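Asker: My questions are about this predicted structure, shown below with the sequence.
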4 protein chains.
Amino acid sequence: MPDDKPKTNITNIAPGKILIKGYDVAELMGRKSFAEVTYLILKGELPSEAEAQMMDAILVSSIDHGISPPSSLATRTVVSGGNPLNAAVAAGILTIGESHGGAIEQCARLLQEWAKKPGDINSIARDLLKDIAIKNIRMPGFGHRYHKIDPRTVRLFQMADELKFSGRHQLLARAIESEFKSSSKELPINVDGAIAAVISDMGFDWRLGKGFFIISRVVGLVAQAHEERIREKPMRRLGLTDYDYDGPPPRKL
Amino acid sequence: MPDDKPKTNITNIAPGKILIKGYDVAELMGRKSFAEVTYLILKGELPSEAEAQMMDAILVSSIDHGISPPSSLATRTVVSGGNPLNAAVAAGILTIGESHGGAIEQCARLLQEWAKKPGDINSIARDLLKDIAIKNIRMPGFGHRYHKIDPRTVRLFQMADELKFSGRHQLLARAIESEFKSSSKELPINVDGAIAAVISDMGFDWRLGKGFFIISRVVGLVAQAHEERIREKPMRRLGLTDYDYDGPPPRKL
Amino acid sequence: MPDDKPKTNITNIAPGKILIKGYDVAELMGRKSFAEVTYLILKGELPSEAEAQMMDAILVSSIDHGISPPSSLATRTVVSGGNPLNAAVAAGILTIGESHGGAIEQCARLLQEWAKKPGDINSIARDLLKDIAIKNIRMPGFGHRYHKIDPRTVRLFQMADELKFSGRHQLLARAIESEFKSSSKELPINVDGAIAAVISDMGFDWRLGKGFFIISRVVGLVAQAHEERIREKPMRRLGLTDYDYDGPPPRKL
Amino acid sequence: MPDDKPKTNITNIAPGKILIKGYDVAELMGRKSFAEVTYLILKGELPSEAEAQMMDAILVSSIDHGISPPSSLATRTVVSGGNPLNAAVAAGILTIGESHGGAIEQCARLLQEWAKKPGDINSIARDLLKDIAIKNIRMPGFGHRYHKIDPRTVRLFQMADELKFSGRHQLLARAIESEFKSSSKELPINVDGAIAAVISDMGFDWRLGKGFFIISRVVGLVAQAHEERIREKPMRRLGLTDYDYDGPPPRKL
């Protein structure tokens, strides 16, 4: 059954040898950062210096959002039922769907479809918005859910400007934002939209969009699961969104 | 119901503000790497330079191991059934149990219990081995499953030596290895054992052991899921361990 | 926040009292079968005698399909990694997607949309097939994947005939099958299509389609997980579709 | 690799043929209930009439417990994030651990270990309680969490008495309850303990204990997921345990 034999271009294993996209993992260790090797494995090539910095910033941006998001709640609920860490983290990841993290994927898809069209980026932004209005689709990645101005978005674009790392997808995203502003709609790019624009400029397939959020947030979920285990009783009444923070006070780097 | 009000020391959220262990996430972005912020969120403080380098190396070490491990197989199976990326990655994480990644946790627990005892590290190693022999427990984190000499272990300890980053847990692990050698047992420290020793020297709770493996491997699972989606037909016969690698040829950094 | 207060019409709980759709669970126990109460909880009312028999037959039909389906493979893989029963069953359920069990849902959706149109059922069948051909959609629930003639389909429709339990959705499904036959396409109704037709005649929302498969198959997954645990070694090479059956020989009721 | 070839005694598949423990599935359909075939697949043989009735009652007993248990909360959270039914149900099942449903397994294990000892059942009960007191273990399956008198327990034992279906495991469970009462501890058998006793008398392996709970509760989880999807907005604030029931009023069979 030759067609059943799977093919992979990710990792090649032999006794004493693990090659990730052709690079020996032992050589990558200590020479390339976790974010760089994450870029490598998802993209096929190592990032430039600017891409590596943007990659680190993206992965830091979504690392945790406290105990109230669905992902934290599901993770803590599974710990509370008396289950191992991996089951808890898996449940948290299961929540990351169309309405929770999914905007990265949908926004990246639209940006990638439209940014490749020829012509003036402002006209393209207008055409895109007209097109989705006809289809009765809301523009994903724009508008605030909780943070009126999302500090992560501001920082991502500030870094992109400083690093001169900005391509047609970021331009399109900013043109869409201007378009909203000029029609008096308060729909700024949010963190999902900013990530979508940056990973699109890096050349990532939009279908990996949710992947960036998962890779980042899984760290927070491990922390949430561990805290639930060591600080709370099993089967407590979960889900009250009101909580006390008793960690370190605000501090500077 | 005051006792139902959960407490958290991880992240504090207010409109326009996300503080991770007290640090503004927007300030962390671009200034601290993903591995450093991962360390921060799991440990409470930012790592030293040597700790940061070891952290990156640990997270790179387990990032992927090809299509044959249980985690890849489960992830690909869920994609093959026609499901979204997050469900596929969740299934992969569900496989990470006592027999798959679990040795990090169990080895770290033993190293942490015994390394704090006073006295000569070689005597402690002998006592530990006697104790688990009585309890009929195999020493977790030692012995090779697939790689006779695991290149990741070699590299981790080489880095620890170069960075002069080595504490009592690494000493104990190496003393155990010597002990096995002197009784003619071929049970070298494997990658799980090496990670267990290093994270113990960093001061991490052994119950986070599986967490390091999850955080690292989730990247590989995103890559495996994406490849299954874009290269394979739904509902193919999965699980043949024989496969062709058709990615980049071996190359140097 | 009054709109945050959830509403439910499923189960009402008070100390000493559990009311399922208004019925005391202690009264249901011993008086109504598991399949009848399953019908009640998903539909809101207890089934008629014929509906109860069809319900039992549907739930029996999909209870297990051996070790080779994706759901069994994922379940066994999670056990093999050293994880508890619930994590293993959860992974199996994660595989049940668009390509594995999903045809029930999609077929039921089409049957429910088209069966309510007025007019001759054969014309409706032709119009439906024309419509999906234009949209380039394959008719879900028709055609054999493994069983050329699926014994479960034959039995379900035989029971429906005997019990005189057959409504417009079954008629439409059979009309579609005739339509295929008359255009020389070998696309018989398969077990997914048969279940879709019967649950549609019972008045179930098509969005519950996958639910019937999940409820049924979870039994097989518990059996598969248990067998993997008690008969196999951890971390064996999973996924070979070739296997030996060593259970009871063929026997009659 | 002969030892890699898996063996199974559950289901044998050939084109046009599905044999469950040797019985043709098409023959089981319409002749045996879902609960009977569930018994068959987990036990290897079809149940007696009394066993079938107890099996149905057990599976009905745990079918749902409203929106507040961890399993419902996790399921609804995954729907709320914008995910398919199977992912939601999987997350619910992930919560079913040592502290949520796990008492069935642990209680059955103790009953099975001790009931096989020779001698007077009351002495055995006393010895068991002394033994676990020394090990500092709480007797699983006894004591109420929410229902002071659990109507499901009462009904299960009432049925067992009526059907004259009661073996040494039920006797032991009742002897333990008496023992608690005579030392003035209010620790009645709860529904987990009752199920543990009955499935032990049926001869089920205690390691299947959680399986009964999973098979039963998955029905409620499908209902909870479906209700969340059709009645609630995505990403609502989940987890408030206060809710309104707006389903059918109390009614009689």
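Answerer: Structure's in. What do you need? Numbers count the residues shown, from 1 in each chain, chains lettered A, B, ... in the order given.
Asker: Burial check on whatever residue of the stretch 1-150 of chain A ends up closest to chain C, number of neighbours?
Answerer: Nearest residue of the stretch 1-150 of chain A to chain C: residue A:87, at 4.7 Å (Cβ to the nearest Cβ). Glycine gets a C-beta too; all of them are placed from N, C-alpha and C. Using other Cβ atoms under 10 Å in any protein chain shown, residue A:87 is surrounded by 32 other residues.
Asker: name the element it belongs to?
Answerer: With elements taken from DSSP states H and E, the one containing residue A:87 is helix A:85-94.
Asker: now the helices for chain A?
Answerer: A:25-28, A:34-43, A:49-61, A:70-80, A:85-94, A:102-115, A:121-134, A:151-162, A:168-182, A:191-201, A:209-231 (DSSP state H).
Asker: For these, please prepare CSV with the additional fields mean pLDDT and distance to residue B:80.
Answerer: Below are these laid out as CSV (pLDDT from 0 to 100; distance: least, Cβ to Cβ, whole Å):
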stretch, mean pLDDT, distance to residue B:80
helix A:25-28, 96, 27
helix A:34-43, 98, 20
helix A:49-61, 97, 28
helix A:70-80, 94, 24
helix A:85-94, 98, 18
helix A:102-115, 96, 20
helix A:121-134, 96, 32
helix A:151-162, 94, 35
helix A:168-182, 95, 31
helix A:191-201, 96, 25
helix A:209-231, 97, 18
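Asker: who's in contact with residue A:6?
Answerer: Contacts for residue A:6 (Cβ atoms under 8 Å, 6 or more residues apart in numbering or on different chains) come out as B:67, B:232, B:236, B:238, B:240, B:243, B:244.
Asker: mind listing what the residue lying closest to residue A:166 once chain neighbours are set aside touches?
Answerer: Distance criterion Cβ to Cβ, 6 or more residues apart in numbering or on different chains; nearest residue to residue A:166, sequence neighbours excluded, is residue A:160 at 4.8 Å. Going by Cβ under 8 Å, 6+ apart, residue A:160 touches A:54, A:166, A:170, A:198.
Asker: Just the closest of those to chain D, please.
Answerer: residue A:198 (22.8 Å).
Asker: doesn't residue A:170 make contact with that closest one?
Answerer: Yes - with contact defined as Cβ atoms under 8 Å, residue A:198 reaches residue A:170; the gap is 6.7 Å.
Asker: who has more neighbours, the two?
Answerer: Neighbours per residue (other Cβ under 10 Å) separate residue A:198 from residue A:170, with residue A:198 holding more: 28 against 23.
Asker: Show me how the record splits chain A into domains.
Answerer: Here the domain parsing of chain A from automatic domain parsing is A:8-46, A:50-235.
Asker: how about those domains in TSV, adding distance to residue D:71?
Answerer: Compiled in TSV, the domains of chain A are given as follows (distance: least, Cβ to Cβ, whole Å):
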stretch	distance to residue D:71
domain A:8-46	34
domain A:50-235	7
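Asker: Can you say which of these is nearest to residue C:150?
Answerer: The minimum distance between residue C:150 and these falls on domain A:50-235, with 31.5 Å, by Cβ to Cβ.
Asker: Now do the end-to-end distance for that closest one.
Answerer: End-to-end span of domain A:50-235 (Cα to Cα, to the nearest Å): 46 Å.
Asker: For residue A:242, report the pLDDT, please.
Answerer: Predicted confidence (pLDDT) at residue A:242: the value is 69.
Asker: ditto for residue A:3
Answerer: pLDDT at residue A:3 comes out at 51.
Asker: What of the one 10 residues further on?
Answerer: Each residue has a pLDDT score; the one for residue A:13 is 91.
Asker: Then the one 3 residues further on?
Answerer: According to the prediction, residue A:16 has pLDDT 85.
Asker: Residue B:149 is in contact with that one, correct?
Answerer: Yes - here residue A:16 reaches residue B:149: they are 5.6 Å apart, a contact under Cβ under 8 Å.
Asker: Who has more neighbours out of the two?
Answerer: Higher neighbour count among residue A:16 and residue B:149: residue A:16, with 14 against 11, using other Cβ under 10 Å.
Asker: residues near residue A:73, how many?
Answerer: When neighbours are counted by other Cβ under 10 Å, residue A:73 comes out with 27.
Asker: Surely it and residue D:73 touch.
Answerer: Yes - taking contacts as Cβ under 8 Å, residue A:73 lies within contact range of residue D:73: 7.3 Å.
Asker: With adjacent residues omitted, what lies nearest to the most centrally placed residue in chain A?
Answerer: The geometric centre of chain A, computed from its C-alpha atoms, lies nearest to residue A:213 (Cα atoms, centre = their mean), at 3.0 Å. Residue nearest to residue A:213 in three dimensions, not counting chain neighbours: residue A:101, with 4.0 Å by Cβ to Cβ, 6+ apart.
Asker: just checking, the one you found touches residue A:216?
Answerer: No - using Cβ under 8 Å, residue A:101 makes no contact with residue A:216, being 9.5 Å away.
Asker: what sits in contact with each of these two?
Answerer: residue A:62.
Asker: higher neighbour count, the two?
Answerer: Neighbours were counted for residue A:101 and for residue A:216 using other Cβ under 10 Å; residue A:101 has more, 28 against 23.
Asker: before we move on, back to that, between the domains of chain A, which gets nearest to residue D:94?
Answerer: Using Cβ to Cβ, these put domain A:50-235 closest to residue D:94, at 4.6 Å.
Asker: Please report the distance of residue A:248 from residue B:55.
Answerer: Here residue A:248 is placed at a distance of 19 Å from residue B:55 (Cβ to Cβ, to the nearest Å).
Asker: End to end on stretch A:226-243, go ahead and measure it.
Answerer: 17 Å.
Asker: I should have written stretch A:129-148 there, sorry.
Answerer: With Cα to Cα, one end of stretch A:129-148 sits 22 Å from the other.
Asker: So that stretch, near chain B or not?
Answerer: Yes - against chain B, stretch A:129-148 shows contacts by Cβ under 8 Å from any Cβ of the partner chain at A:146, A:147, A:148.
Asker: Just give me the closest of those to residue B:207.
Answerer: Nearest to residue B:207 among these, with distances taken as Cβ to Cβ, is residue A:146, at 31.0 Å.
Asker: Neighbours of the closest one, how many?
Answerer: Residue A:146 is flanked by 14 other residues according to other Cβ under 10 Å.
Asker: Can you name the residues that contact it?
Answerer: By Cβ under 8 Å, 6+ apart, residue A:146 lies in contact with B:13, B:15.
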